[in-house]
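Student: Following is a predicted model, sequence given first.
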Amino acid sequence: MDTSRTISDYLHRIGADRPVVPDAMALRDLQVRHLRTVPFENLSVHLTEEIVLEEGALVAKVVDRRRGGFCYELNGAFAVLLRELGFRVTLLQARVFTADGGLGIPYDHMTLLVETETETGTGTGTGRGVERWLADVGFGSHSTHPLAFDERGDQEDPAGTFRIVEAPEGDIDVVRDGKRQYRIDQRPRALADFTAGAWYHRTSPDSHFTRSLVCSRNTHDGRITLSGRRLVTTVDGERHERELVEDTEILAAYREHFGLDLDQVPRVMTNRKREGLSWTSGTCG
C-alpha cells in the first residue's frame, strides 16, 4: 500500500484536510466527515463479496471501491487513517446489548480508543497531557462526536445524551439516552482477533446482518437509510419513509444518496445459498 497516496485519497474521500496536529478537534472533524460520507452497510454479506480483515483491503474498499461496510471494516479502516495521521489508536472489542438486555457474542463489535495530546497547566507550568476518546464510525446510528473515554458523567451529543459507566470485570458500558448500547472490554486487540466475530455476522442466521439489508449514513441535519426497498430520511427529528418500487429506483438511490455504483440490486441471501461459504485466517466470506 502506497501509504502517502492512500491517506491523501482517504482524506479526499471524506472531504477532509490533513490535520496540522492530531488533536481532539481534528479527531472530531474526521469522525463527523467519515460518518457523513462513508455509509454503514452490510451489502457485501448479501452480494457474496469477500470481506478481508487486513488493513490494505479495508482501506481499499473505502477509498478505491468507494464503498462502506460494517463495524470491523469501517473502524478498521478508520484506525489506519488515524494512525497514519499521528493519532495513537487501540482496537477494542465490545458486545452489543440485545433488546432483552442480554449481550451478544464476544467480538460482536469493534470500536476504537484514540489518544490525543493536550496542553496542561498555565504559564511556566505548562506541559503535555493525554486525552482518551472513544471513536466509532461503525455502529450505524450512534454518537456523532467522539466520546471522552474517562468521563463518567453525561456527554451531550447531536445524537443524544451519552454516558460511559463502569461494568463488571473492568469493562465499561456505553449508554445512549438511558439505554445501554454495548459493553467494552478494555484490553487491546489486534485486527485478526475479530475474524471469528466477522465470520459469525457474515454467515449466521442468528445475526441481524444476514436477515436484512441496510445502508445508512449521517447527514448535516439527520440521517438517511435504505433498507431493502424502504428509503428513510430523518431531518431535524422528523422521519419520512418512501417505498421504492422499481429496481432502477433502488440502484439510483444507492448511487445518489450513498455514492454506491452497484451493478445489481442487493437481495437478502437465503440460508441455503449461504451454505458452503469458507474462510481462512483474516478473511470472512
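Tutor: Noted; the coordinates are in hand.
Student: remind me which residues of the stretch 151-285 of the chain are low pLDDT?
Tutor: Low-confidence segments of the stretch 151-285 of the chain (pLDDT under 70): 271-285.
Student: Strands along that one, start to end?
Tutor: Secondary structure of the stretch 151-285 of the chain by DSSP state E, counting those that start in this stretch: the strands cover 155-157, 160-166, 172-176, 179-189, 215-219, 222-227, 230-235, 238-243, 283-284.
Student: and the fifth one, what does it pack onto?
Tutor: I take that to be strand 215-219. Packing contacts for strand 215-219, counted by 3 or more Cβ pairs under 8 Å, 6 or more residues apart in numbering; DSSP states H and E, involve helix 24-37, strand 40-41, strand 222-227, helix 247-258. Every C-beta, even on glycine, is put in place using the N, C-alpha and C of the backbone.
Student: Any buried residues in it, and which?
Tutor: For strand 215-219, a neighbour-count test (16 or more other Cβ atoms under 10 Å) marks 215, 216, 217, 218 as buried.
Student: okay if I get those residues as TSV plus distance to residue 57?
Tutor: Listed next are these as TSV, based on distance: Cβ to Cβ, whole Å:
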residue	distance to residue 57
215	20
216	22
217	21
218	25
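Student: Kindly indicate which of these lies nearest residue 63.
Tutor: residue 217 (16.2 Å; Cβ to Cβ).
Student: Endpoint to endpoint, stretch 113-131 covers what distance?
Tutor: 10 Å (Cα to Cα, to the nearest Å).
Student: Quick one: mean pLDDT for that stretch?
Tutor: Mean pLDDT, stretch 113-131: 80.
Student: Who are the contact partners of the closest residue to residue 240 other than its chain neighbours?
Tutor: Spatial nearest neighbour of residue 240, chain neighbours left out: residue 233 (4.8 Å); criterion: Cβ to Cβ, 6 or more residues apart in numbering. By Cβ atoms under 8 Å, 6 or more residues apart in numbering, the contact list for residue 233 reads 222, 223, 224, 225, 239, 240, 241, 242.
Student: Any figure for the gap between residue 233 and residue 257?
Tutor: Computed as Cβ to Cβ, to the nearest Å, the residue 233 to residue 257 distance reads 9 Å.
Student: Could you name every residue contacting both of the two?
Tutor: residue 224.
Student: for the strands of the stretch 151-285 of the chain, which one sits closest to residue 97?
Tutor: Among the strands of the stretch 151-285 of the chain, strand 179-189 comes nearest to residue 97, with 4.6 Å by Cβ to Cβ.
Student: Mind listing the strands that closest one pairs with, and their directions?
Tutor: Applying DSSP bridges, strand 179-189 is found paired with strand 88-96 (antiparallel), strand 172-176 (antiparallel).
Student: export the ones you listed to a markdown table and tack on distance to residue 210 and mean neighbour count?
Tutor: As requested, those are exported to a markdown table (distance: least, Cβ to Cβ, whole Å; neighbours: other Cβ atoms under 10 Å):
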| stretch | distance to residue 210 | mean neighbour count |
| --- | --- | --- |
| strand 88-96 | 15 | 19 |
| strand 172-176 | 24 | 20 |
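Student: Which of those strands sits closest to residue 250?
Tutor: Taking Cβ to Cβ, strand 88-96 is the member of those nearest to residue 250, at 27.9 Å.
Student: Residue 219 and residue 166, how far apart?
Tutor: 34 Å.
Student: Could you do residue 135 as well?
Tutor: Distance, residue 135 to residue 166, by Cβ to Cβ: 20 Å.
Student: Give me the more crowded residue out of these two.
Tutor: Comparing residue 135 with residue 166 by other Cβ atoms under 10 Å, the one with more neighbours is residue 135, at 25 against 9.
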